[in-house]
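> Sequence below, structure please.
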Amino acid sequence: MTTRKTSGTLHIALWITQALLSVTLVWAAYMKLLQSPEALAGMWPWTGQVPPLVVKLTGTIDLLAGLGLVLPRMLNIRPRLTFLAATGVVVLMVCAMVFHIWRGEPPVFNIVFGILAGFVAWGRQEGTASRCQAS
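Below you'll find the model as predicted:
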């Protein structure tokens, strides 16, 4: 009984975390892919200081990661991709931390996102996922 309650709680916590990460990443992708460079640089100064292709590339990565965190498990099509997407977000956040530290900016957002993505990767790996209720 306790294991079932714990696994149900874990399952809910994972879905909430996946949804929050996904919405934020898709929003960031929208901003990077569809906003003008001037508007974007007003919000994120680094976007005006790197080539536009880099901004578009990070926007594309954000979009793919945001979709990969929820769609595979939601649609039950290759649900292992959720684990891979979460692992990719951890790698992305480590790269972003290095970039922002190099620029003298605090990487707090990237640290928090990296930890949340790490939780999803841990919870959606095959061994842990089998302890969760079916999605």
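
> tell me the contacts of Ala121?
If a contact means Cβ atoms under 8 Å, 6 or more residues apart in numbering, then Ala121 has Phe83, Ala86, Thr87, Val89, Val90 as its contacts. The C-beta positions use only the backbone N, C-alpha and C, and glycine is treated the same way.

> Include secondary structure and distance to Val23 when you put those into JSON lines, please.
Formatted as JSON lines, the contacts of Ala121 follow (DSSP: H, G, I helix; E, B strand; the rest coil; distance: Cβ to Cβ, whole Å):
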{"residue": "Phe83", "secondary structure": "helix", "distance to Val23": "19"}
{"residue": "Ala86", "secondary structure": "helix", "distance to Val23": "15"}
{"residue": "Thr87", "secondary structure": "helix", "distance to Val23": "19"}
{"residue": "Val89", "secondary structure": "helix", "distance to Val23": "13"}
{"residue": "Val90", "secondary structure": "helix", "distance to Val23": "18"}
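
> are any of those residues buried, and which?
For these, a burial check counting by 16 or more other Cβ atoms under 10 Å picks out Phe83, Ala86, Thr87, Val89, Val90.

> Thought Trp122 was touching the last one, still the case?
This points to Val90. No. Judged on Cβ atoms under 8 Å, Val90 makes no contact with Trp122 at a distance of 10.0 Å.
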